[in-house]
Structure formats: structure tokens, C-alpha cells
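A.B. asks: Prediction below, plus the sequence it came from.
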Number of protein chains: 2
Amino acid sequence: MELSLILAAVAAVAFALIQGMDVRRIQITDPRITEIGGYIHAGAMAYLGRQYRVLVVFVAVLAAIITFTPGLGLSTALAFVLGALFSVVAGFCGMKAATAANMRTAQAAGQGQAQAFRAAFSGGSVMGLMVVGLGALGIGIVYLLNPGNLGILTGFSLGASSIALFCRVGGGIYTKAADVGADLVGKVEAGIPEDDPRNPAVIADNVGDNVGDVAGMGSDLFESYVGCIVSALLLAVAWGGTTALPYVLGLVAAGILSSMLGILVVSLVKTKDAQLTLNLGTYLSSILLVADAFLLGGLLPEGDGTRAFAAVVSGIAAGLLIGKLTETYTSDQYKAVKEIAGACTTGAATNILTGLSYGMLSTAWPILVLAGATLASYAFCGTFGIALAAVGMLATVGMVISVDAYGPVADNAGGIAEMSGQPDSVREITDHLDSVGNTTAAIGKGFSIGSAALTALALFASYALAVELTVIDILNPRVMAGLLIGGMLSFLFSALTISSVSRAANKMIDEVRRQFREFPGIMAGTQKPDYAKCVDISTQAAIREMILPGVIAIASPIAVGLLLGKEALAGLLAGATVTGVLMAVMMANAGGAWDNAKKYIEGGSGGGKGSEAHKAAVIGDTVGDPLKDTAGPSINILIKLMSMVALVFAPLFL
Amino acid sequence: MELSLILAAVAAVAFALIQGMDVRRIQITDPRITEIGGYIHAGAMAYLGRQYRVLVVFVAVLAAIITFTPGLGLSTALAFVLGALFSVVAGFCGMKAATAANMRTAQAAGQGQAQAFRAAFSGGSVMGLMVVGLGALGIGIVYLLNPGNLGILTGFSLGASSIALFCRVGGGIYTKAADVGADLVGKVEAGIPEDDPRNPAVIADNVGDNVGDVAGMGSDLFESYVGCIVSALLLAVAWGGTTALPYVLGLVAAGILSSMLGILVVSLVKTKDAQLTLNLGTYLSSILLVADAFLLGGLLPEGDGTRAFAAVVSGIAAGLLIGKLTETYTSDQYKAVKEIAGACTTGAATNILTGLSYGMLSTAWPILVLAGATLASYAFCGTFGIALAAVGMLATVGMVISVDAYGPVADNAGGIAEMSGQPDSVREITDHLDSVGNTTAAIGKGFSIGSAALTALALFASYALAVELTVIDILNPRVMAGLLIGGMLSFLFSALTISSVSRAANKMIDEVRRQFREFPGIMAGTQKPDYAKCVDISTQAAIREMILPGVIAIASPIAVGLLLGKEALAGLLAGATVTGVLMAVMMANAGGAWDNAKKYIEGGSGGGKGSEAHKAAVIGDTVGDPLKDTAGPSINILIKLMSMVALVFAPLFL
């Protein structure tokens, strides 16, 4: 079955290349599009280049530590390097495709919506296909080369986690610093519209969409994807012996093929309704996976196959449910966003309070669904069932990422259209495609939180297995202390990432103000602003601000494990997962709701643009931005990474 | 030893009566003070009256349920009624004294600061003495009447918890609805100063200080006090057999006497420096308790005495440390508040983000201290040690509450002085006394969160004992599901209380606007506003809005225990405690920091009153108010009450 997996993975990578070429076939005839798109591309590559230099050092140091840690060794270190490398390559290809597709989407929008949609989706699908292709390929290779030694796979998974830390946290800081800087000085102080080429931070802002929403999101889901597969393999043996391994590998292969079919359908089917097309592909790939999961049950002994199938389905069902629930708290079709928009009429304070309160409230149902999925999947196949539920949720992640990455490409295309002075009809098309992307992205966020939680639970169970803990007793005060410390780390990590955004945004504000002050020609339109300087500020800030949270995420589990023992570390992981999921859901939904409440008011409700209510709504949106795009997603990384670190360094705590 | 306890308790009640008489000796010569003070007194009594009517029904229903629950019965039900009754009586006497002392403090301030200070402190000390007196008296009576049956004490403790739910949650909603209504319409819209008698909500606002900060806080600590003593008694037997019981009873008696001495010193010592006097009393009572705890060790076998002493000291040390740490995040002497004030210059959004981020950050050290205290006290005496640490923290709570209740009395006195047109010198004295109270109150808040956490942990251990759980295994998916649900309940409870404040405040805003609109004579000063109507709105809203969170707090543990079993319920309690403590610390500190950042700006920094920075600071303060005064304190209740419900209804889950 490992060969089928590798074949499916290679097919996904090949399909990614085809999709990338499909995008590049579009001729760009407008030189202004080439120029603006070129700035964004160059900025994105500059960021990646700088990040890679730091990454090389980081990976080398951690690889050395792994090599010389008793119980680990060179093979694990090599797997670690491979995991990091594959994640980087997936991110690089995804970013290259996205920054090629944004210009071409803007160009294609001149011919019509169908053409623009296809360009944007093909561009986004490269990231989706590369993540599943390289993730599965890496697992397949390490699996083949180390027969009978599944532990080495954790090295590969840790590599993926490390890159996710850099890309998600750094990307989140980058994109919000640029966004806040561009908005506060450009839109609010100088009074120029969004995406105006006179704004020195405008290119950094557009680069940020790629860095955060494409590369950051991709690396996050690469980590979840690899993490849940590896933990499923580790727990499979404990559940059903080695005969359970082919089931997991087959399921992953089936997920890749399902995603590819879904992507193919979206790329080829020509409907007028972009939302319908995306939904079609998403549901199709899920249905195919369910069918495959059922058929693959034949690989297992009588009865086990049905139970494994049930565990997979519970994961898929939970993912879809959490996505739907997310929508009810963040879409302006429902009560929450309308009430938050209403609260804006009594000022910013009531807006913030209503949003916070709805954000907290919105944790209730998703957590109950998650608890239900945990209980159900465990009832079917024990801890292996939890891992299977996570794999079920993530097997079709190739499709999910394609849709997720399509959004920022469409958003960028709109920016390029604006800056290059395209006619209004072009901007209308890109705006529409962007808004379709927003709805699916919100659902995708719920999905990625749910899958991160299940993955963390599966990794937690794998850790217990690795350190030979058969009981983790809360009545043991070390476990309780660990729970407290783990919960606290979620709060600490959020605090650090939020304040990083503030610091970075302040630097950006100063720079934009300086350019406007020193070069009056910029506002007059006679002088080009220094885009590169703003890109540089975001880049530097993102990389510098990432270090402290990163060190905490990696060092805390090791320190607690060494000082207080493996039970305390288990408590830490459980505490961080429970509190982290709650914080992530709250921040994602409050942020999303504030964002859409602002748009709802801009649509004319409560006084429309420029009214007092709108000002209050803008404050809510500004508060929500770093919560939903930096702190929230970073917590997803934190809980998975800490579990991964604990799992890899398990030999130290025995 | 139970007789010493009862004697000490009776002495405390007697001392409370003397302190109350001491206050009433002050003659009020200014009829305007009598009039304004009378409104506040009448409003407070109206609220209590209405609340008692609901309480009677609630207590009767729950008592009936307890009587007919298998394994419980009439004795537990009677203990429950007694616990509720004693908490109500303590709250009633404390409120009566506070509403008598506020007028007399305003009157005495005409003669000088020392006289005013003594009046305010004596008034506050009635609440402190009644809480420890009646709490200990009740435990002593139930203990004496039910020899050998400690389980019945949980009934008394549940009675205390139920009243705390009503007083703390209802009081928190009451006070913030009135506060926001008075501020937003009076100060912001009509432009009249704080405590202006033309503001229809001004009396409700002052009543709110008593209802929330005196009665609510008192009932909260009454619950913690009783809860930790009861759990210490339950765990004592498991640790050292019945010989350990006298140690606990003696420690409580010693704590009462230490508090009485501390209060006596503050009342009699005449220094110019009010802060110094309060600190003197607080430290004196702590030192006395430490000495007593050491001497009482003689009651225990060799070695055990020292270990018990060490556990007590670890609790006291943790309490003082957490208080100090709270100060560094909420006092304008330190970096956090200054930075938050600085962030106000770039607008409300950056103020909110900086405050949220510092609030989250401020959880780190207190949680580490709490984890350390848990590990240390457990190392000394097992789970009994954790309960002893909580008792150590809370034994001198008579002194702590006296200082805490002194603050709102001084605050009220300032309001009365303003409304009755006293000379500026009087207002200066009351303002100074109020500001001294604020600093100690912030420390007291950290103290009450820390003690709630340790009490909850001790109750958690008692629950495990009661349902015969020797292991609570996180690898059991029911425990993990319980952890998730428990954590979520903290978020849900906060969401509900915050939105309750919003709804109640909106009603108040409408009413104040209506009065200004329909009776123009109010603003002209020719017509009296309808204070009673505003008092009524707050009262009704507080009582109605309390029901849903109350039902959730009581029903969730029972439902989870019955549906998912006692392991899941244990997980729920642990999850709620861990996440609840974090949320409570974050909300208390963020709210306190926003409050003081606003005052810092009002002191002239960043542009002073009326500047853009001040407007941003006011928004932060308004957001922080319900967090620190309603949602945060309510979570303290939630985690203790749910543990208490689980403990009392333990026979159902066996």
C-alpha cells in the first residue's frame, strides 16, 4: 500500500505542475499589471529568501540536537530535515503559483468571470496539491526506508511543525503589520482608498496576503496533515497490529485522489455561480473519500473495517459541522453579525463587548461536536479512532487548501486591478470572486481548528504511548500543575503574538508617515513611494518577533518534561490543547464577526460608510484582525508543535 | 477544638455589632447627606428585598431536591438551608453597615481624614467580621450536631455557594448596568459630571457599588471560606485520621482571632497614612496566623505538624505573591499601565489590543505560583495539603474583606459628598481614601482568584474521594471530553454575563434618556429625577439575567455526571478550573489596567481629560468594566459552585 501512496503523491505533484502551467498560459498584455504584480512577487520572494536564511540555521541546530539526543539519532535527524525541506518546497511552489496567478486573474477578469475564476483557482490549487503530494511522498519515503521503525516518522513530522511555526507565526505578524500600517496611515490619516498605489505600504499589504494566507495557511495544514497521518500510523499498530497500517496508507492515498478529482471538477466545470462550483468540488471529494474509506475496510479483519470506517466518518462529519457552525457566527446572514453591527451604533465599546461575548459563546457548539467526535471515534477504535477521525477530516485537505488559497489570489487580483487602473467591470469581478472566497475561508478556518484539535489529541495519545504512560492521573499534582501551565501557555503565546503585531505595525506606521512627510511628490502622484522599504520592515519584524514565541513553544515542553517529569508534560499538552482550542475558536470567530459586521455596515446598515457606527465598526475590525489572522492561527501551531516536540523527544523523559 | 471555633466565631459576630455601633455613633448634621444617603440605603434594601423573594423559592426547591435525592436527605437539606441563611444574614448586615457608614464617612470627612477613615473602615469591617463569624459558626454548629458525619457539611457549603451565585453574578450585572447607563448618558451625552444629582441613574450607580463590591464580594469570599474549610475537613480524615480535624478547626479559629486583632489595630492606630495603616493590619494578621499555625502543629503527631505548617505557609505565600503580581499589571507605577496609556494615543483599537495582550500575559506568573503552591502543598500533605494552603490563604479573610469593603464605602462617601454639595476639602479626603482602597482592592482581587483556584482544587479532590475515584485518567476519552466541556463552560459563562450587562445597560440608557427628554426640569435643576425607576431597572435586570447562567452552573455538572459518568464530571471540573482561573485573571487584570490607564491619562499624561487619547482610554475602561466586575468574578463562583454541586450530589454518580 505504501507504493500506492507514493504513486498518488507523485500524481498530485505532477498535477500541481500542470495547474501551474495552466495559469502561466494566460498572456499578460497590460504592462501596468506586470509592473504591480512584479512588485508583489519580488516582495514575497524577498520575504521567503530572508526567512530561509534563518530557517537553515534553525533546522541545522535542531538537527544537531536530535542527532545527539540519546534514543534519537541520525535517521530521525535526517527525517526531520526532509520534513522541513518538503514543507519549504511546498510553500515555495504555492507562493510562486499564487503570485503568478494574481496578475493573470486580474488580466483574465477583462475577458469575464469564468476565465478569472479558473486562473485564481488553478493558482490556489498548486498549494493544495503540493501540500498533500509532498506530505504523503515524504511519509512514504521515510516509511519505505525505515521498515518496522515508525518512530523515525516523528522526525519528519517535527520538521513540518517547525516550518509551520515560522511560516504561520511570522506570516501572521507580517500580514497584519502591513495591513494595519497601510490602513491606519493611508485610509484613515491620508484619506486615500484601499489599494491606492500612492500608499507606500500597499505592496507590503498585498505581499502579506500571500505570506500569511497562502504560505502560512499551507504550512499549518501541512503540519496537521503530516501530524495526523504519523500519529495514526503509530497508534494503528497498538490497535490492530501491522495489518492496520495499510488501511491508513490507503486512506491517505484515496484522499489525495479524491482531492485531485474535486480540483479537476472545479477547474473544468463551467457554471455561472462560483460559490456553487467550489461547493461542488468540496462535497464531491468528501463523498468520494467516504466511499473509499468504506471499501478500504476490506483490508481489515471482519468488524474492524466497519469500526474504522465509522471513526473516519465521525471525523468528516465533525469537520463539516464545525465549519457550518463557524458560518453561523461569522456570516452576516445570521444573528451574531447583525447584533454586533447593531452594537456599533452605540459606539466602539459596545461593539467590542458584543463581539467578545459572541466569540466566547461561539465556542460552545464546536466544543460539544469535538467532544462528541472524540467519544465516538474512541468508542469505535480507541485512541487509533481519534487519529482516524483526524485523518478523515484532513485526507481531502488538498481540496480545502485549494479553496482557501484561491481567496487571497482573488483578493490580490483585486488589488492589482485597482493599482493598475483597470476598468470598474474588472474590479467588480475580482470583488465578487474575493467575497466567495471569504465565505469558504471562514468555514476552512473552523475546519483547520477542528483538525488541529483532533491531531493534537492523537499526538497526545501517541506521546503517552511513546513514554509508556498507561494512565495520566489528574489527581497527581504534577499532572494538575501541567494542566495549569499548559493552559497558561496558550494565553502567553497569544499575548506575545498580539503584542508583536502592535510593535511591528507601529514601525510600519512611522515609515509610511515618514515617506508622506519627506516626499510630498508621492501624494501628488509625481513620485513613486519606496515600496521595498515597507516590505523590508514587515519582513524584518516578522522574523525577529517570531523568535520568542518560537523558543517558548519548543523549550516549554522539554523544560517541563525534564524538570517535572513525563506526567506533568502530559498535563501540559492536555491543558494547552483544551485552552488553546477554545482561544483559537473564540479569536477566529470574534475576528471574523467584527470583519463582517464592518462590511455589513458598509453595505448601508446603521448609517453606512463614514457614519459614527462605521467608525466603531472599524475599531472592532482592527482589534479582530490580529486575533483572527495572527494569534488564533498561531495557537493551532502551538498545540500541535508542543505535542510533536514531546513525542520526538520522548526518549528524554523515559 | 470545635468549641474554640464556635467561641471565636461568636466573638467575631459580637465584634461586628460593636463596629456597626461605632459607625452609628457619628451624628449626621447635614440633612442633604441624610437625604442622599437615604436614597442609596433604600435602593440597596429594595434590591435585597427583591432578591430574597427569588432566593426563598430557589432555596426551597433545591432543598426539596436534596431531601429526596438518594444518599442525601433531610440533614443535608437543613445544612444547605442554614448555609444559605447565614450567607444572606452576613450579606444583609454588611450592606446595612456599609450604607450607614457611607453617609457618616461623608459627614466625618468634614472633621478630618482620620475620622473619615475610621468611619469607612469600621463600616467595611462589619462585612469582614460577619463573613468569618457566621461562616465558622455555621460549620461549628453542623459539625457538633452531626458527629462523625462530615458529608453533611457539604450541604452547608452548597448553601453558601448558591447565595454567592445570586449575589456575585446578580450584583455584578446590577452594578455595571447602572454604571454604564449613568456614564454614557450622563457624562458623555449630557456632559454633566460624575455623581451629579441630576443624573437619574446616579443613585442606582451608588447602590451598585454596595450591591456588587460589598455584598457580591462578601458572598464570594464567604463561599470560598466555607468551601475550603469543608474540603479541608473532608480531606483531613483521609490524610491523618480524625486527629487532623482539630488542627483545621484550630487554624480557622486562630485566623478569626488574627483578623479581629488586625481590624482592631487599624481601627485604633492613628497614623496620617491610610495606606500604611491598612497594610499594617493586613500583615499583622498574616504574621499572627503563621505563628498560630506553627503552634497548632503540636496537636498533630511529630513531623506531621511541621508538614501541615509548611502547607499552610505555602498558601499564605502564594496569596501574597499573586496579590503583588496583580499589582504590577494593574498599578500605574509599572510598565503595563503606562504602555496601555501610551497605546491610547494611537486610538481605541491599539488600546484594546494592548490591554488584552497584557491581560493574557499577566496570567503567566500567577499560574506558575499557583502550580508551585499546588506542588509544594501536595508534597507536604497530599490533597489535604492543597486544602490547607487554601485555608491558609483564606483564614484571615476577615481582614481582607474589611479592607475590600472599605473601598466602596469611601467611594460612596465621595458620591454623597458631591451630590450633597459638600466643600471641596471633603471631596478631597474621600477621593484620597477611595484611591487607597483601589490599590488594596486590586490586590484583594488577585487574592480572591488565587483562593478560589485552590479551593476549587481542594473541592475537586474531595469530589474524587466522595465518588471513590482513585484515578482520573486523561487518556480516558470521557475525561478528555469533560476537560473540553468544562473549559468551554468558562467561556460560555463569561459570554452570558457580558451580554447580560450589555442588555441591562441598554435598558438603563433608554430610561435615562427618556427622563431627560420628558422632564426638561431635571437638567435645569428644578425637578427631581426618578431615581427609584432606575434602581428598579437594575434590580429587575440583575435578577432576570442571572437565571440562565445560574441554571447552567448547577445543571451542567449534574447532566454530565449522569450522562457521561463520574470520570467525565471530574474532567469537567478540572477543565473549568484551569480555564476559569486563566480567564478570571486575564479579565481582572486587563480591566484593572484599562481603568488605571484612563486615570493615568486623566492625571495629565498623553493629553489629559478631553483629548483623543482620553476618549480611547474611556472606551478601554468601558470594555474592561464588565470583564473585571461581572464576568471575571462570576467565573470564580462558577468553578467553586460546580465543584460543590458535584461534591454534594456525589451519591448520584456512584
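C.D. replies: In hand now; what should we look at?
A.B. asks: Could you find the closest non-adjacent residue to whichever residue of the stretch 201-350 of chain A sits closest to chain B?
C.D. replies: Of all residues in the stretch 201-350 of chain A, A:Ala349 sits closest to chain B, at 3.7 Å by CB to the nearest CB. The C-beta positions use only the backbone N, C-alpha and C, and glycine is treated the same way. Among residues not flanking A:Ala349 along the chain, B:Thr622 sits closest, at 3.7 Å (CB to CB, 6 or more residues apart in numbering or on different chains).
A.B. asks: What count of nearby residues applies to that neighbour?
C.D. replies: By other CB atoms under 10 Å in any protein chain shown, the residues close to B:Thr622 number 25.
A.B. asks: check which helix or strand covers it.
C.D. replies: Here B:Thr622, judged by DSSP states H and E, is contained in helix B:612-626.
A.B. asks: Specify the angle between that helix and helix A:612-626 in degrees.
C.D. replies: Put simply, helix B:612-626 runs at 70 degrees to helix A:612-626, going by axes from the mean of the first three to the mean of the last three CA atoms, to 10 degrees.
A.B. asks: Downstream of helix B:612-626, the next helix or strand is which one?
C.D. replies: Counting by DSSP H and E, the next helix or strand C-terminal to helix B:612-626 is helix B:632-648.
A.B. asks: List the buried residues in the next helix or strand after that next one.
C.D. replies: Per DSSP H and E, the first helix or strand lying C-terminal to helix B:632-648 is helix B:650-653. Neighbour-count burial for helix B:650-653 flags B:650, B:652-653 (criterion: 16 or more other CB atoms under 10 Å in any protein chain shown).
A.B. asks: Summarise which helices and strands helix B:650-653 is packed against.
C.D. replies: Packed against helix B:650-653 by the contact rule (3 or more CB pairs under 8 Å, 6 or more residues apart in numbering or on different chains; DSSP states H and E) you find helix B:547-564.
A.B. asks: The helix it packs on - what's its average pLDDT?
C.D. replies: Summarised as a single mean, pLDDT over helix B:547-564 is 94.
A.B. asks: for that helix, packing partners?
C.D. replies: Secondary-structure packing of helix B:547-564 (3+ CB pairs under 8 Å, 6+ apart): helix B:477-518, helix B:566-602, helix B:632-648, helix B:650-653.
A.B. asks: Flag every residue of the stretch 251-400 of chain A that's near chain B.
C.D. replies: A:343, A:346-350, A:352-354, A:356-361, A:363-364, A:367-368, A:370-372, A:374-375, A:378-379, A:383, A:386 (CB under 8 Å from any CB of the partner chain).
A.B. asks: can you rerun that using 7 Å?
C.D. replies: A:348-350, A:352-354, A:356-357, A:360-361, A:363-364, A:367, A:370-371, A:374-375, A:378 (CB under 7 Å from any CB of the partner chain).
A.B. asks: With the stretch 451-600 of chain A instead?
C.D. replies: By CB under 7 Å from any CB, the part of the stretch 451-600 of chain A that sits against chain B consists of A:457, A:461, A:464, A:471-475, A:477-478, A:480-481, A:483-485, A:487-488, A:491-492, A:494-495, A:498-499, A:502, A:570, A:574-575, A:578-579, A:582, A:586.
A.B. asks: Narrow those residues to those that are buried.
C.D. replies: Buried members of these, scored by 16+ other CB under 10 Å, are A:457, A:461, A:464, A:472-475, A:477-478, A:480-481, A:483-485, A:487-488, A:491-492, A:494-495, A:498-499, A:502, A:570, A:574-575, A:578-579, A:582, A:586.
A.B. asks: returning to what we had before: can you lay out the buried residues of helix B:650-653 as CSV showing distance to A:Gln527?
C.D. replies: Shown next, in CSV, are the buried residues of helix B:650-653 (distance: CB to CB, whole Å):
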residue, distance to A:Gln527
B:Ala650, 76
B:Leu652, 77
B:Phe653, 75
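A.B. asks: Rebuild the residues you listed as CSV, extending it with distance to A:Ala238 and pLDDT.
C.D. replies: Output for the buried residues of helix B:650-653, formatted as CSV (distance: CB to CB, whole Å; pLDDT from 0 to 100):
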residue, distance to A:Ala238, pLDDT
B:Ala650, 34, 93
B:Leu652, 35, 92
B:Phe653, 30, 92
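A.B. asks: Now flag whichever of these is closest to chain A.
C.D. replies: Closest approach between these and chain A, by CB to the nearest CB: B:Ala650, at 15.3 Å.
A.B. asks: my guess is the closest one meets B:Leu469, correct?
C.D. replies: No. Using CB atoms under 7 Å, B:Ala650 is not in contact with B:Leu469; the gap is 10.0 Å.
A.B. asks: Please identify every residue contacting each of the two.
C.D. replies: Here B:Ala650 and B:Leu469 share no contacting residue, scored by CB atoms under 7 Å, 6 or more residues apart in numbering or on different chains.
A.B. asks: Restricted to helices, list the residues of the stretch 251-400 of chain A next to chain B.
C.D. replies: With helices taken from DSSP state H, the overlap with these comprises A:348-350, A:352-354, A:356-357, A:360-361, A:364, A:367, A:370-371, A:374-375, A:378.
A.B. asks: So what does A:Asp30 have for phi and psi?
C.D. replies: Main-chain torsions, A:Asp30, degrees, to the nearest 10: phi -90, psi 110.
A.B. asks: Give me the pLDDT value at it.
C.D. replies: Reading off the model, A:Asp30 has pLDDT 92.
A.B. asks: In contact with it, which residues are there?
C.D. replies: Shown in contact with A:Asp30 (CB under 7 Å, 6+ apart): A:107, A:420.
A.B. asks: Write out the residues of the stretch 51-200 of chain A neighbouring chain B.
C.D. replies: Going by CB under 7 Å from any CB, none of the residues of the stretch 51-200 of chain A are near chain B.
A.B. asks: List the residues that contact whatever residue of the stretch 51-200 of chain A ends up closest to chain B.
C.D. replies: In the stretch 51-200 of chain A, the residue that lies nearest chain B is A:Leu184 (7.6 Å; CB to the nearest CB). A:Leu184 is in contact with A:Ile509, counting by CB under 7 Å, 6+ apart.
A.B. asks: Let me see the confidence value for it.
C.D. replies: The model reports A:Leu184 with a pLDDT of 80.
A.B. asks: before we move on, what about A:Ile443?
C.D. replies: Predicted confidence (pLDDT) for A:Ile443: 69.
A.B. asks: any low-confidence regions in chain A?
C.D. replies: Residue ranges of chain A with pLDDT under 70: A:439, A:441-443.
A.B. asks: 80 - rerun?
C.D. replies: Within chain A, the stretches with pLDDT under 80 are A:1, A:187-189, A:240, A:270-272, A:437-447, A:606.
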